[in-house]
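[1] Would you be able to build a 3D model of this:
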Amino acid sequence: MSQVLVASNRGPVSFSLSDDGALTMRRGGGGLVSGLAAVTGAPRDPGPPHSSRAGDRPDVLWVCASLNEADRVAARRSPDGRIDRAGYETGGAAVRMLDIPEATFQRAYNAVANSTLWFVHHLLYDTPRSPHFDARARRDWQSYEAYNAAFADALARDAAQGAKAAIQDYHLSLAPQMLRERRPDLRIVHFSHTPWAPPEYYGLLPDDIGNQILLGILGADHAGFLTERWASAFLDCCELLPGAKVDRAARTVTCSGHVTHVGVHGLGIDGTALRQRAAEQDVVERARALREQVGDRQLIVRIDRTELSKNIVRGLAAYRELLVNHPEWRGRVVHLAFAYPSRYDLPEYREYTAAVERTAEQITDEFGTADWDPLILQVNDDYPRSLAAYGLADVLLVNPIRDGMNLVAKEGPVLSERGCALVLSREAGAAAELSEDALMINPYDVSQTAETLHKALLMPPTQRAERCTRLTAAATALPPQDWFADQLAALD
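    Predicted structure coming up:
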């Protein structure tokens, strides 16, 4: 098969380093890794390193950044930085971890990607106070340019003639154009896993930076988005780009003689693979422990990274209002909230994590009794435990204020044992596919969310199961293999 290169900030594996210098490999985190793992054959939750079997793999190279010192050590132990040649089995993809200078990485990743582009696309800014683009912001932008150039250089060096490159997400907005300049023979797709900001909000960016991002993505032959809404917002922004011509009917943008096609590819779940993973012993054991902890009470579950757009604090406030307005649920329901740490380097995220913990503690103090813990908050990342919780959930709460897709909304119904009710934000990308059988909410309306949780808990089991069956069908309609294959096919 022809070579395919995948480029993303976070790779399919990460490493930890023991005191004696031994490396331990584990599955990389995040929705992007979950979505692409099935495509490349990369591990979903790998165990200890073992011998590579290069002959079993398709010709896929995954280029990613080294996110910690252990990652850098793993890359350095291989002469050319390819992890598969360092004695580690990484599934169907060879992995190259880029050792980008720490200062460059931090500025590109934290100051630009996560504190600027993420905030713009998720509409997170407190605009009377931020953003504030000054000389320091320009220095950070130079690091973002250097970070993207490092990826473009690696892809250009490793790509075979005529290979296809799939560049992922807002971290690498500039890389498509940079790669095209280095290797015009390649076919390039860029995929945005986040929402795309409407022009009036995208305009918060300095004009030259906003235009540079658009031009970077337009260096690709195909630009993919998760929903029609995000693709349309991108085209809206391109219409304001000097020199660009947008053809809505053909869904193309022509700029400097190059044509970029814009497509919508909703990412779904590989239901068979997910169920197989959930049937493994570590998941079964965690399910048993959770059931013992919860008893025969109904269970409301949420699983998120502690990230500003996930709206965890309002979700907890809605649960509190449920217990206040409907005291009949006291002692009869438990809220299991998994809020896994995210971007702890950024002060906004540390403060938000603290707010989540304070709110959870207040609920426990206000309503907890000797024999009933109304809220179980878990902040340590545990993938098998998340899968176990999906299976036990009576209600799944997914209430982001804005989300590109949200795979939690799809994974939960697939693994539900008895059929769960899905309470879903209308601002999640998944709403485009799941709204008919989910219970939809305005994520800012705490009282509405509380009443919708009440409705979900009261839903008859047969109705809940029927809805869940239809949600599962929608969630698995475009599994990762097909999602990715559609993008590669668009390059032909």
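[2] rest of the way, CA atoms for contacts and neighbours
    Fine.
[3] name the element Thr254 belongs to?
    Thr254 is part of strand 252-255, with elements assigned from DSSP states H and E.
[4] quick one: strands adjacent to the helix or strand that comes right after that strand?
    Downstream of strand 252-255, the next assigned helix or strand under DSSP H and E is strand 258-264. In the sheet, strand 258-264 lines up against strand 222-225 (parallel), strand 252-255 (antiparallel) (DSSP bridges).
[5] what comes up buried for the helix or strand just after strand 258-264?
    Using DSSP H and E, the helix or strand that directly follows strand 258-264 along the chain is helix 271-278. Neighbour-count burial for helix 271-278 flags 271, 274-275, 277-278 (criterion: 16 or more other CA atoms under 10 Å).
[6] and the following helix or strand past helix 271-278, what does it pack onto?
    On the C-terminal side of helix 271-278, the closest following helix or strand by DSSP H and E is helix 281-294. In terms of contacts (3 or more CA pairs under 8 Å, 6 or more residues apart in numbering; DSSP states H and E), helix 281-294 is packed against helix 383-392.
[7] what residues does the helix it packs on touch?
    Applying CA atoms under 8 Å, 6 or more residues apart in numbering, the contact partners of helix 383-392 are 45, 278, 282-284, 286-287, 290-291, 299, 301, 303, 338, 396, 411-413, 415-418.
[8] Tell me the spacing between Pro199 and His121.
    Here the criterion is CA to CA, to the nearest Å. By it, Pro199 lies 10 Å from His121.
[9] let me fix that: Pro443
    17 Å.
[10] what's the answer for Gln487, then?
    22 Å.
[11] one step back: settle it for me: which of Pro199 and His121 has more neighbours?
    Legend: neighbour count by other CA atoms under 10 Å for Pro199 and His121, higher for His121 (21 against 16).
[12] My read is that that one contacts His193, right?
    No: His121 lies out of contact with His193 (CA atoms under 8 Å); the separation is 10.6 Å.
[13] which residues are in contact with stretch 286-305?
    So stretch 286-305 is contacted by 310, 312, 331-342, 384-386, 388-398, 408, 457 (CA under 8 Å, 6+ apart).
[14] Now, those that are in strands?
    333-340, 395-398 (DSSP state E).
[15] Tell me which of those has the lowest pLDDT.
    When the ones in strands among the contacts of stretch 286-305 are compared by pLDDT, Tyr340 scores lowest at 86.
[16] Please look at it and Gln378 and confirm they touch.
    Yes: Tyr340 is within contact range of Gln378, at 7.4 Å (criterion: CA under 8 Å).
[17] Give the residue spans of the chain that score low on pLDDT.
    When residues are selected by pLDDT under 70, those of the chain lie in 1, 27-58, 78-93, 344.
[18] Show me the domain layout of it.
    Here the domain assignment for the chain is 4-98, 102-267+480-490, 271-475, based on automatic domain parsing.
[19] Distance check, the nearest residue to Glu451 once chain neighbours are set aside against Gly368.
    Closest residue to Glu451 apart from its sequence neighbours, by CA to CA, 6 or more residues apart in numbering: Leu322 at 6.8 Å. As judged by CA to CA, Leu322 and Gly368 stand 14 Å apart.
[20] Just the CA coordinates for the strand holding Thr254, please, in PDB.
    What follows is strand 252-255, C-alpha atoms only, in PDB (Å, rounded to 0.1, in the frame of the first residue of the first chain):
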ATOM      1  CA  THR A 252     -13.900  24.800  -2.500                       C
ATOM      2  CA  VAL A 253     -11.500  27.600  -1.600                       C
ATOM      3  CA  THR A 254      -9.100  28.800  -4.300                       C
ATOM      4  CA  CYS A 255      -6.100  30.900  -3.100                       C
END
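[21] For the remainder of this discussion, apply numbering that starts at 12.
    OK, 12 is where the count begins now, so the last one is strand 263-266.
[22] Show me what that strand is in contact with.
    229, 246, 249, 254-258, 270-273.
[23] By neighbour count, which of those residues wins?
    Of the contacts of strand 263-266, with other CA under 10 Å as the count, Leu229 tops at 29 neighbours.
[24] report the longest helix in this protein, please.
    helix 146-169 (DSSP state H).
[25] what about the helix or strand following that one, distance to the chain center?
    The first helix or strand that comes after helix 146-169 along the chain, using DSSP H and E, is strand 175-179. Taking the mean of its C-alpha atoms, strand 175-179 sits 17 Å from the chain's own mean (CA atoms, centre = their mean, to the nearest Å).
[26] tell me the angle strand 175-179 makes with helix 146-169.
    150 degrees (axes from the mean of the first three to the mean of the last three CA atoms, to 10 degrees).
[27] how about strand 175-179 as CSV, C-alpha atoms only?
    Extracted in CSV, the C-alpha atoms of strand 175-179 (Å, rounded to 0.1, in the frame of the first residue of the first chain):
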residue,chain,number,x,y,z
LYS,A,175,-0.4,11.1,1.6
ALA,A,176,-0.1,13.2,4.7
ALA,A,177,-2.9,13.6,7.3
ILE,A,178,-2.2,16.6,9.5
GLN,A,179,-4.3,16.9,12.6
